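Asks: Just a sequence and a predicted model for now, questions to come.
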Amino acid sequence: MSQSRSEFFRGAPFDRFLQARIGEDRNGTLLTVLSALARLDVDPWEEAEALARLPRVAAARKLDLLLASLPNRPIGDLDSGTDAVRLIALLPERTPADAAQRAGPAGVATVPQSPLLRSLILYLIVMLLMFTCEWLVTNSKSPTAATGAAAPPASSAPAAVPAAVPDK
């Protein structure tokens, strides 16, 4: 099985679906959706996300086919079609807002941003704002104060005028 690209979503909306019990296999081991998909060499989180995007009927058919292809199927008289419908009902509901948020230009799907990426972007925006404010404060001071040159002292006495030298 390839390494999952959805590490940040591993505890989020698909938990109820992935941890749902299917039954016990012939060896008596508890079988969940997660373990069944892993036995089929399918990334459980990616498959759950793909199933959530499908219409419910199509998702149930696809899950039914996956469960039917398990090599060590659950014991008992379980109807995989009924189980698939029950399990698909555990997936998070897709709202029109979710579909619009995922759709990019011309309906091209975009990858949702991770919380880490959003935090990094927010941090960069705040730092840019701070540097801009610092620059504005530094450049808003008078030119003499910014260069460090001393301003001439202000005095109330008039400046002395040199005496005129008489012509000879």
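Replies: Thanks, I have it.
Asks: Okay, domains of this protein per the record?
Replies: Domain ranges of the chain: 10-94, 108-138, per automatic domain parsing.
Asks: what's the most buried one of these?
Replies: Among the domains of the chain, ranked by average contacts under mean count of other Cβ atoms under 10 Å, first place goes to domain 10-94 (a mean of 16). (Each C-beta comes from the backbone N, C-alpha and C, glycine too.)
Asks: got the residue ranges for the strands in this structure?
Replies: With DSSP state E, the ranges of strands along the chain come out as 21-24, 30-32.
Asks: could you redo the domains of the chain as JSON lines and give each row mean pLDDT?
Replies: Below are these laid out as JSON lines (pLDDT from 0 to 100):
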{"stretch": "domain 10-94", "mean pLDDT": "83"}
{"stretch": "domain 108-138", "mean pLDDT": "82"}
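Asks: what about the longest helix in this structure?
Replies: Longest helix in the chain by number of residues (criterion: DSSP state H): helix 115-139.
Asks: any chance of the strands of the chain in a markdown table, plus distance to L122?
Replies: Below are those laid out as a markdown table (distance: least, Cβ to Cβ, whole Å):
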| stretch | distance to L122 |
| --- | --- |
| strand 21-24 | 40 |
| strand 30-32 | 37 |
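Asks: among the ones you listed, which is nearest L63?
Replies: Nearest to L63 among the strands of the chain is strand 21-24 (10.3 Å), distances taken as Cβ to Cβ.
Asks: Within the sheet, what are the partner strands of that closest one, with directions?
Replies: Sheet pairing of strand 21-24 (DSSP bridges) gives strand 30-32 (antiparallel).
Asks: contacts for the partner strand?
Replies: L18, Q19, A20, R21, I22, G23, E24, D25, L70, P74 (Cβ atoms under 8 Å, 6 or more residues apart in numbering).
Asks: try it again with 7 Å
Replies: Residues from elsewhere that reach strand 30-32, judged by Cβ atoms under 7 Å, 6 or more residues apart in numbering: L18, Q19, A20, R21, I22, G23, E24, D25, P74.
Asks: does the third one really touch L90, like I thought?
Replies: Going back to what we said before, that points to A20. Yes. Judged on Cβ atoms under 7 Å, A20 makes contact with L90 at a distance of 5.4 Å.
Asks: Quick check: the gap between V57 and S114.
Replies: As defined by Cβ to Cβ, to the nearest Å, V57 lies at a distance of 31 Å from S114.
Asks: likewise A50?
Replies: From A50 to S114 the distance is 19 Å (Cβ to Cβ).
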